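> okay, sequence plus prediction incoming.
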Amino acid sequence: MVDFSLSDEEKQVRDWVRTFVRKEIIPLEQEVLRRERANQPGLTADVLKELQDKAKASGFWGVQTPEDYGGMGLGAVMSALLEAELGRSFVQFRFGGHADNILYYANDEQKQRYLLPTLSGERKSCFAITEPGAGSDARNIRTSARQDGTDWIINGEKTFITGGNEADFTMVFAVTDKDKHSKRHTDQSVTCFLVDRDQGWRSEYIDTMGEWGPAALVFEDVRVPKENILGEVGNGFGLAMKWIGRGRYMLPARALGACERLIEMAVEQANTRVTFGEPIANRQAIQWMIADSAVEIEALRWLVLHAAWVVDQGQDSRHWQSIAKLYGGVKANEIVDRVLQIHGGMGYTRELPVERWYRELRLLRIYEGTDEIQRRTIARNILKGHASVSGTLG
């Protein structure tokens with residue numbers, strides 16, 4: 001069997017984050033809900049930075065950032081465990097000292113301009129590949145870049161870009177060889193460009209049902225020097241896949257923490273809410289909701305840990321990450337629905353955080369690979385013999 005036991009040091013790391021979430025983050029939830037009811041933005045950047053600074057003072061900076069760059073350099077399993085702890089609150093907090101994984105493929109000059117300032121918090125980036133007509137089918141992107149002397153001219157639109165409203169530079173993917181792209185040779189036709197906002201692109205806010213406020217990025221004859229190509233011309237799609245596949249297990253890991261907290265709330269409600277002279281915890285309908293949720297949470301925990309463990313082993317983890325993300329998205333939505341039902345009418349109000357989680361968790365079934373894409377990936381791997389349903393533990 002795979003051994004997921006933690007060392008004493010690893011337990012201390014996890015427990016510190018658990019305490020930090022309980023003492024520093026969860027108390028901010030009511031303020032977040034109050035601001036939302038007043039149609040105000042969430043927590044200010046100053047408040048979030050103050051939280052990051054508190055964490056940094058205790059050594060929590062760059063959780064997955066290599067130690068050579070001043071980070072903690074934690075492996076996938078420990079990162080997943082910490083992400084689950086952060087998931088116990090809907091406050092959108094993340095540790096500082098992080099940069100997109102593909103920025104490590106930058107050359108020395110680009111690292112000085114983009115990677116290091118991003119790690120220090122001086123700069124903010126966003127990853128731009130999704131388009132109005134190219135979501136899960138990333139090979140269908142239409143944003144183009146044509147060469148003009150030693151420069152490239154970019155035209156096109158990206159959509160649903162996380163962090164696009166705040167970023168001062170973007171990693172944008174554009175077609176640089178239309179002939180190869182038309183023949184579906186995407187691994188040779190797309191290039192990644194590092195483009196500063198002041199080079200001419202603009203962002204437009206997209207309002208959503210949750211706090212996540214992505215952006216549309218518009219490029220109209222944006223001129224970029226060749227020095228801003230990340231990697232090599234034509235090899236951008238490979239970088240995009242490295243970004244997309246960098247850690248899908250982290251999404252269900254965060255959902256795991258949310259589900260744990262939600263069921264704790266459901267248990268408290270079931271034990272205190274009295275109908276017809278007794279707590280609703282005595283009702284079989286409620287008991288089955290709690291039981292089913294407990295089983296699914298435990299299953300999700302092991303799917304997440306197994307996917308992360310495969311990552312730590314340096315093996316191809318895409319199949320296992322797809323399984324974890326698919327199961328996590330579906331079950332998190334089922335669990336939050338049960339918890340809302342247990343809370344009755346109050347669960348539907350904005351006085352409690354349940355409806356907020358209801359909206360937030362719905363996104364998990366869409367972004368960074370829809371449920372349908374995950375099912376496609378899983379089925380294809382099994383049908384082609386790349387994976388087996390007989391299991392890998394031994």
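Alright, I've got the coordinates.

> okay, CA-based contacts and neighbour counts for the rest of this
Fine.

> residue 159 should be in a strand, yeah?
Yes - Residue 159 sits within a strand when classified using DSSP: H, G, I helix; E, B strand; the rest coil.

> got the domain boundaries for the chain?
8-98, 103-243, 247-383 (automatic domain parsing).

> can you check which of the ones you listed gets nearest to residue 390?
domain 247-383 (10.6 Å; C-alpha to C-alpha).

> helix, strand or coil for residue 223?
Strictly by three-state DSSP, residue 223 counts as strand.

> quickly list what it is bridged to.
Residues in a beta bridge with residue 223, per DSSP bridges, are residue 153.

> residue 297: neighbour count?
Using other C-alpha atoms under 10 Å, residue 297 has 22 neighbouring residues.

> where's residue 325 relative to residue 276, distance?
In this view, residue 325 and residue 276 are 41 Å apart by C-alpha to C-alpha, to the nearest Å.

> looking at these two, which has the bigger crowd around it?
Taking other C-alpha under 10 Å, residue 325 and residue 276 do not tie; residue 325 has more neighbours (29 against 6).

> how about the nearest residue to the more buried one, chain neighbours excluded?
In space, and not counting its chain neighbours, residue 325 is closest to residue 252: 5.3 Å by C-alpha to C-alpha, 6 or more residues apart in numbering.

> ok, residue 331 next?
Leaving aside its sequence neighbours, residue 331 is closest to residue 296 (6.9 Å, by C-alpha to C-alpha, 6+ apart).

> pull the number of nearby residues for that neighbour.
Other residues within reach of residue 296, judged by other C-alpha under 10 Å, total 19.

> for residue 212, same thing?
Taking other C-alpha under 10 Å as the criterion, the count of residues near residue 212 is 15.

> most remote residue from the middle of this structure, which is it?
residue 277 (44.4 Å; C-alpha atoms, centre = their mean).

> identify the residue nearest the geometric centre of this structure.
With distances taken as C-alpha atoms, centre = their mean, residue 251 lies nearest the centre of the chain, 5.1 Å away.

> helix/strand/coil for that one?
Assignment for residue 251 (three-state DSSP): helix.

> quick revisit: just put the domains of the chain in JSON lines and tack on mean pLDDT.
Converted to JSON lines, those look like this (pLDDT from 0 to 100):
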{"stretch": "domain 8-98", "mean pLDDT": "92"}
{"stretch": "domain 103-243", "mean pLDDT": "92"}
{"stretch": "domain 247-383", "mean pLDDT": "95"}
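
> so which of these comes closest to residue 389?
Closest approach to residue 389 among the domains of the chain is made by domain 247-383 (7.5 Å; C-alpha to C-alpha).

> residues touching the residue nearest to the centre of the chain, list them.
With contacts defined as C-alpha atoms under 8 Å, 6 or more residues apart in numbering, residue 251 is in contact with 325, 364.

> next: residue 289.
Residue 289 sits next to residue 338 when contact means C-alpha under 8 Å, 6+ apart.

> check which helix or strand covers it.
Using DSSP states H and E, residue 289 sits within helix 284-312.

> and what of residue 126?
Counting by DSSP H and E, the element that carries residue 126 is strand 125-128.

> need the strands for the stretch 201-350 of the chain, in chain order.
For the stretch 201-350 of the chain, the strands defined by DSSP state E, counting those that start in this stretch cover 202-205, 215-225, 229-230, 274-275, 278-279.

> contact partners for residue 87?
Contacts of residue 87 by C-alpha under 8 Å, 6+ apart are 253, 254, 255, 256, 257, 258.

> helices of the stretch 251-394 of the chain, residue ranges please.
Listed in chain order, the helices of the stretch 251-394 of the chain (DSSP state H, counting those that start in this stretch) span residues 284-312, 318-343, 345-348, 354-362, 371-383.

> so for the longest one, what gets flagged as buried?
To tie it back to what came earlier, the one meant is helix 284-312. Counting neighbours by 16 or more other C-alpha atoms under 10 Å, one finds that the buried residues in helix 284-312 are 286, 289-290, 293-294, 296-297, 299-301, 303-311.

> is it true that residue 236 touches residue 177?
No - contact between residue 236 and residue 177 fails when scored by C-alpha atoms under 8 Å: they sit 11.6 Å apart.

> overlap of the contact sets of these two?
Contact criterion C-alpha under 8 Å, 6+ apart; residues shared by residue 236 and residue 177: 188, 189, 190.

> could I get those as a markdown table with secondary structure, neighbour count and distance to residue 24?
What follows is those, written out as a markdown table (DSSP: H, G, I helix; E, B strand; the rest coil; neighbours: other C-alpha atoms under 10 Å; distance: C-alpha to C-alpha, whole Å):
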| residue | secondary structure | neighbour count | distance to residue 24 |
| --- | --- | --- | --- |
| 188 | helix | 19 | 48 |
| 189 | helix | 23 | 47 |
| 190 | strand | 31 | 43 |
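
> perfect, that will be all.
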